[in-house]
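Peer 1: Got a predicted structure here, sequence first:
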Number of protein chains: 2
Amino acid sequence: MATGRTHRPATRSRGIPEATVARLPLYLRALTALSERSVPTVSSEELATAAGVNSAKLRKDFSYLGSYGTRGVGYDVEYLVYQISRELGLTQDWPVVIVGIGNLGAALANYGGFASRGFRVAALIDADAAQAGKMVAGLPIRHTDELESIIADNLVSIGVIATPAGAAQEVCDRLVAAGVTSILNFAPTVLSVPDGVDVRKVDLSIELQILAFHEQRKAGEELGEAVATARKAVKRPGSDGDVPAVMPV
Amino acid sequence: MATGRTHRPATRSRGIPEATVARLPLYLRALTALSERSVPTVSSEELATAAGVNSAKLRKDFSYLGSYGTRGVGYDVEYLVYQISRELGLTQDWPVVIVGIGNLGAALANYGGFASRGFRVAALIDADAAQAGKMVAGLPIRHTDELESIIADNLVSIGVIATPAGAAQEVCDRLVAAGVTSILNFAPTVLSVPDGVDVRKVDLSIELQILAFHEQRKAGEELGEAVATARKAVKRPGSDGDVPAVMPV
DNA sequence: AGGTGTGAAAGATTTCACAGCC
DNA sequence: GGCTGTGAAATCTTTCACACCT
């Protein structure tokens, strides 16, 4: 069934839904674990459990990639690993730069998952001249002045921004001007970019706030406000106003 | 319009869509910035631009909270800040613990956004006894042995896991057993938790992989594979096989 | 039997477009 | 005249359930 003229509309044969794309890395991780344990095949049910989704969703997701399973048997682990990797573009080398080597930037540089699966940290860049040359995760920190040449020399198309919020847009503009077309933004700012540039945002305080929303519901509905009240009383000394005077979220 | 019997079905008067909840922190941040510049009112169009969404979506989102705007005028900035904060549960104090004080955990502890808006780092916890007592971001690292008592003493209901993948599930189990009901997970693993416990996941390599997917499309469709080919040729020496031998993603 | 692949139904989210109020 | 609030339409996502292959 890899041959033409099937039910699938030819017009968007390559149009994999965003929601599916976002789950492919999850499946890939679960499959990689199975592969390391030399498991040869896996059913949609087993794989779905390992990835934390339900099996109908997983099968639907895979159906957008093609028919890679065998009815009555399941999926060949190695083959699926390869197909998903290829679909995600992980069979090629993606050089990335990390800009802003503070606590977070250093954590990212040291993060193992970064180095695996075709991603390669091409350079660490920081605006602080005093940091230049210092080694982090086996790489020397380089000064922002070199940003453009580093990107050009390494054909970098993915940039990671781990600067303070105030610097993020300027860094972003320079990355884009130098040729970067995908940005992973850790700074708590909305970046504006031209069409054709992708931005994904990772925002710690947003995630916490979403948790707080649900937490509040639980407290209110299941415990009749008692815990919430107790918690309110436990404010630490020195922040007893209603508006904590800290930097903007 | 705080009074009853409106068009909204009473059955889910409190049922704010997840997608809307996920955007409230974005609006709140934009509003806080306006508030600091003492801007009194803002239109849906302006606020939407600042938050990086379109105005119809923003108005729809706000309509789930209530009618807080004035037709022909816009929204009162201070009032909206208050309403959204309240809706998100940020008017109360949320003590959090961070478990796993490696590079990432330290970065989180130092992250300013964490400390703002009602979140308070109650303790930093690490399994390495040699680290115990060391100060990070003004707080002493405490040993995992103390986890249960720390959570009980501080009424902690939100836990942040920044441990290696291998330790995450065990830490999670202990947090949950001790009373934590919301978890922000930075470890690249699927956590299993009982009903009633919320888990949100932040996964750096997943974000990168999603970017790579779109990046690949751009290269293939707009440049006729030329750049992709060039990039493939630039593999660094020592990783010329097809399967990079690094830790699982 | 056992498990994939997928139409069709159900549900959620986004966008449109305009009535209604200031 | 300008801008909110919201039904209704369009779109996207998930779930169901079963035909079909091994």
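Peer 2: Received the coordinates, thanks.

Peer 1: ok, A:Tyr64 - how many residues close by?
Peer 2: The number of residues packed near A:Tyr64 is 17, by other CB atoms under 10 Å in any protein chain shown. Every C-beta, even on glycine, is put in place using the N, C-alpha and C of the backbone.

Peer 1: And it, how far from A:Pro17?
Peer 2: According to CB to CB, to the nearest Å, A:Tyr64 stands 7 Å off from A:Pro17.

Peer 1: what does A:Pro140 give?
Peer 2: 42 Å.

Peer 1: swap in A:Ile210?
Peer 2: 23 Å.

Peer 1: next one: A:Glu207
Peer 2: As for A:Glu207, its distance to A:Pro17 is 23 Å (criterion: CB to CB).

Peer 1: more crowded one of these two?
Peer 2: Neighbour totals were compared for A:Glu207 and A:Pro17, and A:Glu207 leads with 19 against 12 (other CB under 10 Å).

Peer 1: Please name the residues that touch A:Ile210.
Peer 2: By CB atoms under 8 Å, 6 or more residues apart in numbering or on different chains, the contact list for A:Ile210 reads B:Val21, B:Ala22, B:Pro25, B:Arg200.

Peer 1: and A:Ala132, how many neighbours?
Peer 2: Using other CB under 10 Å, A:Ala132 has 16 neighbouring residues.

Peer 1: Near DNA strand D, which residues of chain A are found?
Peer 2: Listed as neighbours of DNA strand D in chain A under the rule CB under 7 Å from any atom of the strand: A:17-20, A:53-54, A:56-57, A:59-60, A:70-73.

Peer 1: Let's see that with 6 Å instead.
Peer 2: Residues of chain A lying near DNA strand D by CB under 6 Å from any atom of the strand: A:Pro17, A:Glu18, A:Ala19, A:Asn54, A:Ala56, A:Lys57, A:Lys60, A:Thr70, A:Arg71, A:Gly72.

Peer 1: So which of these is the closest to B:Asp93?
Peer 2: Nearest to B:Asp93 among the residues of chain A next to DNA strand D: A:Ala19, at 35.5 Å, using CB to CB.

Peer 1: a strand runs through the closest one, doesn't it?
Peer 2: No: A:Ala19 is assigned helix when assessed by DSSP: H, G, I helix; E, B strand; the rest coil, not a strand.

Peer 1: Low-confidence ranges, chain A, go.
Peer 2: Counting by pLDDT under 70, chain A contains low-confidence ranges at A:1-14, A:115-116, A:220-249.

Peer 1: mind giving me the domain ranges of it?
Peer 2: A:14-87, A:94-202, A:205-235 (automatic domain parsing).

Peer 1: Which one of those lies nearest to DNA strand C?
Peer 2: Closest to DNA strand C of those is domain A:14-87 (CB to the nearest atom of the strand; 2.8 Å).

Peer 1: Pull the distance from that closest one to the chain's centre.
Peer 2: With CA atoms, centre = their mean, to the nearest Å as the basis, domain A:14-87 stands 19 Å off its chain's centre.

Peer 1: anything in it near chain B?
Peer 2: Yes: Domain A:14-87 reaches chain B (CB under 8 Å from any CB of the partner chain) through A:14, A:21-22, A:24-26, A:28-30, A:32-33, A:36, A:50-52, A:87.

Peer 1: Touching, A:Thr91 and A:Ile84? I think so.
Peer 2: No: under the criterion of CB atoms under 8 Å, A:Thr91 is not in contact with A:Ile84, lying 10.3 Å apart.
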